[in-house]
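Undergrad: my questions concern the predicted model and sequence given below.
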Number of protein chains: 4
Amino acid sequence: MIIVMKNNTPEEEINRLMKELTSSYDIKIQKITGSQCTVLGLIGDTSSIEVDDISRDSRVDKAMRVKQPYKKANRAFHPDDSIFEIGGRKIGGKDIAIIAGPCSVESEEQIVGIAEAVKASGATFLRGGAYKPRTSPYAFQGLEAEGLELLKIARAKTGLPIVTEIMDPATLDQFVEDVDIIQVGARNMQNFSLLKQLGQTKKPILLKRGLSATIEEWIMSAEYIMAGGNEQVIFCERGIRTFENYTRNTLDLSAIPAIRKLSHLPIIIDPSHATGLRYMVEPMCAAAVAAGADGLIIEVHNNPEKALCDGPQSVTPEGFSHIISKVAKYAAVEDRHISGVR
Amino acid sequence: MIIVMKNNTPEEEINRLMKELTSSYDIKIQKITGSQCTVLGLIGDTSSIEVDDISRDSRVDKAMRVKQPYKKANRAFHPDDSIFEIGGRKIGGKDIAIIAGPCSVESEEQIVGIAEAVKASGATFLRGGAYKPRTSPYAFQGLEAEGLELLKIARAKTGLPIVTEIMDPATLDQFVEDVDIIQVGARNMQNFSLLKQLGQTKKPILLKRGLSATIEEWIMSAEYIMAGGNEQVIFCERGIRTFENYTRNTLDLSAIPAIRKLSHLPIIIDPSHATGLRYMVEPMCAAAVAAGADGLIIEVHNNPEKALCDGPQSVTPEGFSHIISKVAKYAAVEDRHISGVR
Amino acid sequence: MIIVMKNNTPEEEINRLMKELTSSYDIKIQKITGSQCTVLGLIGDTSSIEVDDISRDSRVDKAMRVKQPYKKANRAFHPDDSIFEIGGRKIGGKDIAIIAGPCSVESEEQIVGIAEAVKASGATFLRGGAYKPRTSPYAFQGLEAEGLELLKIARAKTGLPIVTEIMDPATLDQFVEDVDIIQVGARNMQNFSLLKQLGQTKKPILLKRGLSATIEEWIMSAEYIMAGGNEQVIFCERGIRTFENYTRNTLDLSAIPAIRKLSHLPIIIDPSHATGLRYMVEPMCAAAVAAGADGLIIEVHNNPEKALCDGPQSVTPEGFSHIISKVAKYAAVEDRHISGVR
Amino acid sequence: MIIVMKNNTPEEEINRLMKELTSSYDIKIQKITGSQCTVLGLIGDTSSIEVDDISRDSRVDKAMRVKQPYKKANRAFHPDDSIFEIGGRKIGGKDIAIIAGPCSVESEEQIVGIAEAVKASGATFLRGGAYKPRTSPYAFQGLEAEGLELLKIARAKTGLPIVTEIMDPATLDQFVEDVDIIQVGARNMQNFSLLKQLGQTKKPILLKRGLSATIEEWIMSAEYIMAGGNEQVIFCERGIRTFENYTRNTLDLSAIPAIRKLSHLPIIIDPSHATGLRYMVEPMCAAAVAAGADGLIIEVHNNPEKALCDGPQSVTPEGFSHIISKVAKYAAVEDRHISGVR
């Protein structure tokens, strides 16, 4: 960590700060005295030091981290890609995982119907919302426990492992029992008490990026889970919030090379939530795979009555099938493949 | 709500959508057929309709809400300012609440010392972190339960009601028992299961704005708490995340007139976390009061050894006292006053 | 355009506004009277109405455009892709244009050397900065006129058409004379007087997206040029400014499907400036092509002395050659090709 | 400037970079060798070094500026507030300047009428748009030269100095001749060729902050003008673009203490454009003055026919008068005053 002292900070204060730091943390400090200011270089394990705590000090102008604050998620300490085997499917490596399903579980007929359709097109996992985060307390909150039961029925009929979002630590045991991958939503990415509890389980976690989370904050949230002992974390980029509102969010595909460089954990992309526009799902899926994504999570609707005005771009089961066959071609360029498509 | 249909959507599809909506919700629909497109005007209670669900429909171009989706937090249905009496202090109305204290509770000596100092300068509430949200699992997480005990001791010695942040629903009973105002941090602003549980209590809630939360999303989070029956919600603006990084966040003071117009609930400002710069705390406090804020939350440190290089602007107890006397003058312009300063 | 009136606006005021609008513009207005408010639907050509002007009216709650405000750039009125032939190279259609070169022109040896190297690897255009936008008046401002001369020498030796940025309308004649594609930088995207003057020329314009420009504002800037009679506009996405600072900007690849849907003009991607990270150039180039980009603009350095620590990812001529061969494979998936690679 | 080298950069490369830098710039370099990486501390005048140029180097991990890159605008080298006397009015110091007028000049009757009304309420300068930046080429572009003539008539009748925006360097001589303060709009804040030409004049410049300009970029744009010899630059904060769209932009009032600390130049606030909401103008004006602003720029409309539904908050001449009397009270707290109100 580099600490830039405020101009004209008395020498004795600089020395006092150095003493405070070396007595609180297991580090060494080197000092550069410039014409304008003094800079301290902290050497050693600074992972337990929060940059904000240092910056808050009245003697400090700026503090900047040089060494990454994460360990277990850090590729530097784990050079090989992590590959997770979940319900017989792989996430990471040469396989591209396809997680598909509806936004909400609505009925047995609906979820089973979609599960069968997406499996036939190459999906490797089934997703569907049972407990739904909604901005309004008056909106439909999902079928909750009953939704989980319906997902289990769909899994039994198709063999597809299930992915669904947890909202409340109180339901954790139920999720560990019933679900194959536990999803942490963007709004809970920094719900640290939930992350700590997930770290105590042995379930794979799909960790969505917060709406305004930096890459580093996102990896630190994975580190929370891993620090507890659960090393099966999968990153999911779902769009960040920017000034642009033509798309619902701005899909940050540069997160793919960033995560692949900084961490050994897999990263998948959710173009449906990121863009909020059906016609963008196919090109963004192709782009994600070309950029090196380990998987895709795609919202699939099953609404025959809308077929009339839905073009091929819309994500009905037909549209999904079309997207997967397109994506498979891009995957082949790097000699990767969609597990379900042989 | 206004729904703009995609160009060339077949008439039968428009009619089918109208039927789907009128059968799902208690609304009437009026249709305008323009030269370019058809627009539907939904009339009635649309609060249970999520704009995103409508926008997702393949026949829809855009949907825009006209009527606000919140009720209990809405000034339209509650024209008078809400004024809460907490531990003998008022929040709202002519009183300007001053919530002061350290970022973290560290020791009895520290918290009692600061509590006595800030009370003497006019603080009306004591804040201090017991359970701390930290981006790193390796950073100090707060004294937790012990921190709450120390806050209670400080309250016993000074009479200042205490405000502290809840991280985990599992600690809710303890907070209801021990704390005067329960703070919901920015990172939990859309932790809907926590909000629902807080709605079941009778404790005042200090609801911090999320780093990238819109004014409407923020009010909807208050609505979650109020919908459960707890109407004592206090908004706290603490800066939003933008491209600017000279300040830690960007303090959005326009949130004050916005909240005062849209809601009857009080709003207070946290300039310390918003700017991350000590020298900005005083001018931003003055600006907040001039803009109509109902209170301020100010981080106060007690570090004599740093006095050497701390100027009057730094927020030691001395700096705090200076800020409060300045703020009291601005409050007087509107014939308001700081409860603790007579 | 949809205009939502403020609640309780007197009927006579609504009628007066309708009269004001119909007398100022060639439109018809339909009124919906809802339970909560009145909505006006403007029918006809609303392209000359600025939404902000309407929103500013004290009787208006919100105004929302339904019909796109652009005409010449609008795919609705020009369904086929525009394909431009420039110096014997095509931009648009099946060809993927590769514009490569250094950030700044430094010397004849440097620019000719890079031009020959990138041509050999498949570049179809040469870029290089002669007039440089710099945030500091004390930083090197480019070789200016001499830089243009050196670009012409490089063009003469390689046959590659040249692309360079204009900073000042005073140099317009010189650019029209010397340059094959005139680049408008992100900081000048809304320099409307420059855009109008470019509209008077017959030169192709490479229009970079502003750091915080919406898709619609960007297309409107193209419309400025086209309205003047110059229809050869090429969009260039170069990253938008967001809260994330791991990358220099956030590359918005969803701009590719957006522009392709909304406009008939070609769009190319600049991953070098967008990310500011060499290791991201290759994956972002692949992603851009997979998403349907019509070209790439890649910064290529020629600094042998740095070869030691530059890996294959770094964009020396060798790195560039590696990127192009990779990109060509992705282009082939859609049966597209890099003009220079056969 | 601090340069953090990439891990494992060979010693010889670090030394070569040090040589390259010391031979290109008049600086000394100190090296810290840490356990993880090597850090270079550049000592001396680094103002001509662009951080981006250094960061682009393949051997460099990060570069961070410690010393501010601006000189003439820097308070460190000019501790006293700059106070400008323009047409007999002061900007800076104890005086709070009030610049008022319509968005666009429409007619002699309109501009003279508003000028007389705002002067009567305490305005010290008249603003009005003659050349208008419009996102659409089809929207009204202003009365242009005729608009300038009308402003001169209004000045002749009221004595108020005039402020209006320049769009094109070609009109610079005309502006120097006719206008008292030349406004540079947000969209031209980094139109460096325009800034350089303004630096050659002796006219005061009102420099609006770009929609996504950092505080440092904004000051650097002032430095461009000052480097040319024109030291009369006035900053104007008019809102930055963020994810929030309840307000048109987000007014960043923390820019006031920031500019006052970093620079000696005056800063004024434009709440009308920043918020786009009439009801926010008054509280944001009060807040700006409380935060230490040197002036306000307020849009005033003269539309009697709208009086019916305009409340006192709307900025007709009556609303303006109300705002000024309120603001004067806040100014008095710091013993400041509105020049026009005695």
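TA: Cool, got the structure.
Undergrad: would you mark the buried spots in the helix or strand hosting residue A:332?
TA: Per DSSP states H and E, residue A:332 falls inside helix A:317-333. Going by neighbour count (16 or more other CB atoms under 10 Å in any protein chain shown), the buried part of helix A:317-333 is A:317, A:319-324, A:326-328, A:330-331, A:333. Where you see a C-beta, it was placed from the backbone N, CA and C, and this is true even at glycine.
Undergrad: so, in contact with chain C or not, that helix?
TA: Yes - using CB under 8 Å from any CB of the partner chain, helix A:317-333 comes into contact with chain C via A:329, A:330, A:333.
Undergrad: poorly predicted segments of chain A, please.
TA: A:34-36, A:303-314, A:340-342 (pLDDT under 70).
Undergrad: show me where the stretch 201-342 of chain A has its strands.
TA: A:205-208, A:233-237, A:267-269, A:295-299, A:337-338 (DSSP state E, counting those that start in this stretch).
Undergrad: so which of these comes closest to residue B:259?
TA: Closest to residue B:259 of the strands of the stretch 201-342 of chain A is strand A:205-208 (CB to CB; 28.7 Å).
Undergrad: that closest one pairs with which strands?
TA: Using DSSP bridges, the strands paired with strand A:205-208 are strand A:181-184 (parallel), strand A:233-237 (parallel).
Undergrad: export the residues of helix A:317-333 next to chain C to CSV and tack on distance to residue C:40?
TA: Listed next are these as CSV, based on distance: CB to CB, whole Å:
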residue, distance to residue C:40
A:329, 49
A:330, 47
A:333, 52
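Undergrad: what's the domain layout of chain A?
TA: A:2-64, A:84-338 (automatic domain parsing).
Undergrad: which of those sits most buried?
TA: Across the domains of chain A, the average number of neighbours (mean count of other CB atoms under 10 Å in any protein chain shown) peaks for domain A:84-338, which reaches a mean of 22.
Undergrad: what sits closest to residue A:201 if chain neighbours are left out?
TA: residue A:176 (5.2 Å; CB to CB, 6 or more residues apart in numbering or on different chains).
Undergrad: elements contacting the helix or strand harbouring that neighbour?
TA: Residue A:176 belongs to helix A:172-178 when assigned by DSSP H and E. Judged by 3 or more CB pairs under 8 Å, 6 or more residues apart in numbering or on different chains; DSSP states H and E, the packing partners of helix A:172-178 are helix A:145-158, strand A:162-166.
Undergrad: as TSV, these with distance to residue B:61 would be great.
TA: Output for the helices and strands packed on helix A:172-178, formatted as TSV (distance: least, CB to CB, whole Å):
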stretch	distance to residue B:61
helix A:145-158	30
strand A:162-166	29
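Undergrad: closest to chain C out of those?
TA: Proximity to chain C, assessed across the helices and strands packed on helix A:172-178 by CB to the nearest CB, is greatest for strand A:162-166 (23.7 Å).
Undergrad: now do the closest one and helix A:145-158, the angle between them.
TA: Orientation check (axes from the mean of the first three to the mean of the last three CA atoms, to 10 degrees): strand A:162-166 against helix A:145-158 gives 170 degrees.
Undergrad: what angle sits between strand A:162-166 and strand A:295-299?
TA: 70 degrees.
Undergrad: neighbouring strands - and their directions - for strand A:162-166?
TA: With DSSP bridges as the test, strand A:162-166 pairs up with strand A:125-127 (parallel), strand A:181-184 (parallel).
Undergrad: in CSV, list those along with distance to residue D:297.
TA: Conversion of these to CSV gives the following (distance: least, CB to CB, whole Å):
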stretch, distance to residue D:297
strand A:125-127, 52
strand A:181-184, 46
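Undergrad: how about the residues of the stretch 51-200 of chain A by chain D?
TA: So the stretch 51-200 of chain A meets chain D at A:61, A:62, A:64, A:66, A:67 (CB under 8 Å from any CB).
Undergrad: quick one: residues contacting the closest residue to residue A:200 other than its chain neighbours.
TA: Distance criterion CB to CB, 6+ apart; nearest residue to residue A:200, sequence neighbours excluded, is residue A:228 at 5.4 Å. Neighbouring residues of residue A:228 by CB atoms under 8 Å, 6 or more residues apart in numbering or on different chains: A:195, A:196, A:198, A:199, A:200, B:137.
Undergrad: any chance of those in CSV with secondary structure as columns?
TA: CSV is the format used below for the contacts of residue A:228 (DSSP: H, G, I helix; E, B strand; the rest coil):
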residue, secondary structure
A:195, helix
A:196, helix
A:198, helix
A:199, helix
A:200, coil
B:137, coil
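Undergrad: tell me which of the residues you listed is nearest to residue A:147?
TA: For those, the nearest to residue A:147 is residue A:198 (19.8 Å; CB to CB).
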